[in-house]
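J.: what follows is a predicted structure for the sequence shown.
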Amino acid sequence: MKTEDIDKNLLAVSENGEAISPILPEGIKNYLIDIDGTICDDIPNEEPERMLTAELYPDALATLNRWYDEGHIIFFFTSRTEAHRDVTEQWLKLHGFKYHGMVMGKPRGGNYHWIDNHLVKATRYRGKFTDLVDKEVTIQVFDDGKHE
């Protein structure tokens, strides 16, 4: 799916007769992928001269490009700044990554706790990109009186 086709595939949703934010079709995922330490060497923002020569993680390239070809949405969500956008795009193009866009300026430091009105699934990268598998874990949720 091309970037310009993403909005065309969103499904209209309403609640109590009023439109709310649209959603993706069943089975399509909206991947937000970190860059440094996830698809390549971990390069700090303070050393941008290393970004163009970062070592690629080949399994990340193969997996992300397959997900893209399957119709999923691939966005890179990185702590790199707008000043690093050009070198980052050059590196992604050099290695043949297929993606829809990049969101720069993710807060640094990790320990992310994402709160959203849409379903969010988080997967910690631990050195290898593979197909995702189901695993039961304990998570923190808002107390809505339903503890299922």
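T.: Good, I have the coordinates.

J.: return the distance of the nearest residue to Lys2 once chain neighbours are set aside relative to Ile74.
T.: Nearest non-adjacent residue to Lys2, counting by Cβ to Cβ, 6 or more residues apart in numbering: His100, 7.9 Å away. From N, CA and C alone the C-beta is placed, and that goes for glycine too. Distance, His100 to Ile74, by Cβ to Cβ, to the nearest Å: 6 Å.

J.: neighbour count winner among these two?
T.: Just comparing His100 and Ile74: by other Cβ atoms under 10 Å the higher neighbour count belongs to Ile74, 21 against 18.

J.: separation between Gln90 and Glu4?
T.: Gln90 is 22 Å from Glu4, by Cβ to Cβ.

J.: who has more neighbours, these two?
T.: Set Gln90 next to Glu4 and count neighbours by other Cβ under 10 Å: Gln90 wins out with 12 against 8.

J.: coming back round to it: quick check: neighbours shared by His100 and Ile74?
T.: Common contact partners of His100 and Ile74 (Cβ atoms under 8 Å, 6 or more residues apart in numbering): Tyr68.

J.: so who does the residue nearest to Lys2 touch?
T.: His100 neighbours (Cβ under 8 Å, 6+ apart): Met1, Lys2, Thr3, Ile6, Tyr68, Ile73, Ile74, Phe75.

J.: equivalent analysis for Leu92, please.
T.: Applying Cβ under 8 Å, 6+ apart to Leu92 gives the contacts Phe76, Tyr99.

J.: repeat the analysis, applying 10 Å as the threshold.
T.: Leu92 is in contact with Ile35, Ile39, Cys40, Leu56, Leu61, Phe76, Lys98, Tyr99, Met102, counting by Cβ atoms under 10 Å, 6 or more residues apart in numbering.
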